[in-house]
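Q: Structure of the sequence below:
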Amino acid sequence: METLRYCIRKLIYSLPLLLGVTLISFVLMVYFGPDKTYDLLGRNPTIEEINEIRHQLGYDKSFIVRYVEYLHQVITFDFGYSDSSGEKVTSILGKTIPVSLALVLPGFILGHLISIVLGLFAAQHRGTLIDKIVMSSSVVGMSISYLIVIIALQLIFCSSYGLNLFPVYGWEVNSFSDYLYYITVPTMCSVFVSVGYSTRFYRAIIVEETTRDHIRTAKAFGHNPTVILLKHVLKNAMIPIITRIVFSIPFVVIGGSLLLESYFGIPGIGLITYDAITTGDLPVLKAVIVLITVLFIGVVSVVDVLYKMVDPRISLK
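A: The predicted structure follows:
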């Protein structure tokens, strides 16, 4: 019950953030956004025809009225129909969000698991050749562009110039084997790019934990180094680890999928966002921005609850 009350309070406190984002997006995309009047009119329209179209589109309404209407769209999550396809925006999101989740989750989970393991391994061998190799490899991974990684792995595993084991383009998933067939190379791209950044971060916080007094005391009493690392060091480092993982979710779901989906032709939310940007499809863009905001608010509301789960000393107040 305490957790539920806390989440409700966090959601209430997050309302100003939601209002701020909606106000900025309304001003930039709607109020000062593209004027569709002349797109709907033929050549040489009359003044009466122009005024009629502007009235139908609501351009003749005041700023406050149009913003309230926009807030109603946000609350009901009803942004009408896509300007490009004519399909209902909620229907488009309903089809694309599951695809994006199926695309990014394997790489997201594997990337962080591998990074934590490498961070633990490097911290345990701090200052040795193993540590230097792990950190050097991380720096190399960080320095390579995401796009370069996608192109290189696609050439190696997907094209006739390489192994030609996986599809270059598309998403026709009817079974689990099909899913593995289409997900393998995008997952490899995600893992390769994320491991470098995450490993350096996790190694840093784990090394910091190994300098604590109780860790040095446990080592002095001859406890098993692996047990100390897993039971004490990793447990105490879970707060920053959770923070990094949870707060990266909105950016991975939208930003990470945008590049992967647009390059591999996977019909997820990233691809429709890319298409909406290039075609000026405002209803879809508005829905995606609100979705990112709601996802971020949900992450903020949940993260403290996760802190409480790993550290009972934290109070949800």
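Q: what pLDDT does the residue located most distally from the centre of the chain get?
A: In the chain, the residue that sits farthest from the middle, by CA atoms, centre = their mean, is residue 46; the gap is 46.9 Å. With respect to pLDDT, residue 46 scores 83.
Q: Next: residue 272.
A: 91.
Q: And residue 160, by the same measure?
A: Residue 160 is given a pLDDT of 86.
Q: what do you get for residue 178?
A: 95.
Q: now swap in residue 3 and tell me
A: According to the model, residue 3 carries a pLDDT of 67.
Q: now swap in residue 134 and tell me
A: 92.
Q: Quick check: the gap between it and residue 244.
A: 18 Å (CB to CB, to the nearest Å). Glycine gets a C-beta too; all of them are placed from N, C-alpha and C.
Q: who's more crowded, the two?
A: Taking neighbours as other CB atoms under 10 Å, residue 134 and residue 244 compare with residue 134 leading, 19 against 15.
Q: where's residue 116, which helix or strand?
A: Element membership for residue 116 (DSSP states H and E) is helix 89-124.
Q: ok, residues contacting the helix or strand just after that helix?
A: Remark: after helix 89-124, the chain's next helix or strand is helix 129-143, criterion DSSP H and E. Contact with helix 129-143 is made by 118, 121-123, 125, 192-193, 195-197, 199-200, 203, as judged by CB atoms under 8 Å, 6 or more residues apart in numbering.
Q: Taking their axis directions, helix 129-143 and helix 89-124 sit at what angle?
A: Interaxial angle of helix 129-143 relative to helix 89-124 (axes from the mean of the first three to the mean of the last three CA atoms, to 10 degrees): 150 degrees.
Q: So for helix 129-143, what gets flagged as buried?
A: 131, 134, 135, 138, 141 (16 or more other CB atoms under 10 Å).
Q: gap between residue 101 and residue 311?
A: From residue 101 to residue 311 the distance is 29 Å (CB to CB).
Q: same question, residue 126
A: 25 Å.
Q: Pull out the buried residues from stretch 228-237.
A: Of the residues in stretch 228-237, those buried (16+ other CB under 10 Å) are 228, 229, 232, 233, 234, 236, 237.
Q: Which of the residues you listed sits closest to residue 173?
A: residue 234 (35.5 Å; CB to CB).
Q: who are the neighbours in contact with that closest one?
A: Contacts of residue 234 by CB under 8 Å, 6+ apart are 116, 120, 206.
Q: again with residue 71
A: residue 22.
Q: Double-check that it belongs to a helix.
A: Yes - counting by DSSP: H, G, I helix; E, B strand; the rest coil, residue 71 is part of a helix.
Q: Tell me if I'm right that residue 182 and residue 170 touch.
A: Yes - with contact defined as CB atoms under 8 Å, residue 182 reaches residue 170; the gap is 7.4 Å.
Q: And those two? Which one has more around it.
A: Ranked by neighbour count (other CB under 10 Å), residue 182 and residue 170 place residue 182 first, with 20 against 11.
Q: Format the contacts of residue 234 as JSON lines; extra columns: pLDDT, distance to residue 297 and neighbour count.
A: Converted to JSON lines, the contacts of residue 234 look like this (pLDDT from 0 to 100; distance: CB to CB, whole Å; neighbours: other CB atoms under 10 Å):
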{"residue": "116", "pLDDT": "93", "distance to residue 297": "27", "neighbour count": "20"}
{"residue": "120", "pLDDT": "91", "distance to residue 297": "32", "neighbour count": "20"}
{"residue": "206", "pLDDT": "92", "distance to residue 297": "30", "neighbour count": "24"}
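Q: Closest one to residue 292 out of the residues you listed, please.
A: Nearest to residue 292 among the contacts of residue 234, with distances taken as CB to CB, is residue 116, at 26.1 Å.
Q: residue contacts, the closest one?
A: Here residue 116 is in contact with 198, 202, 234, 241 (criterion: CB under 8 Å, 6+ apart).
Q: Out of these, which two sit at the greatest distance?
A: 198 and 234 (14.5 Å).
Q: pLDDT at residue 312, what is it?
A: So residue 312 comes in at 69 (pLDDT).
Q: cool, and residue 6?
A: 66.
Q: Now do the SS call for residue 159.
A: Per three-state DSSP, residue 159 ends up coil.
Q: cool, the one 5 residues further on as well?
A: Assigned state for residue 164: coil (three-state reduction, three-state DSSP).
Q: Name the residues contacting each of residue 182 and residue 170.
A: With CB under 8 Å, 6+ apart, residue 182 and residue 170 have common neighbours residue 266.
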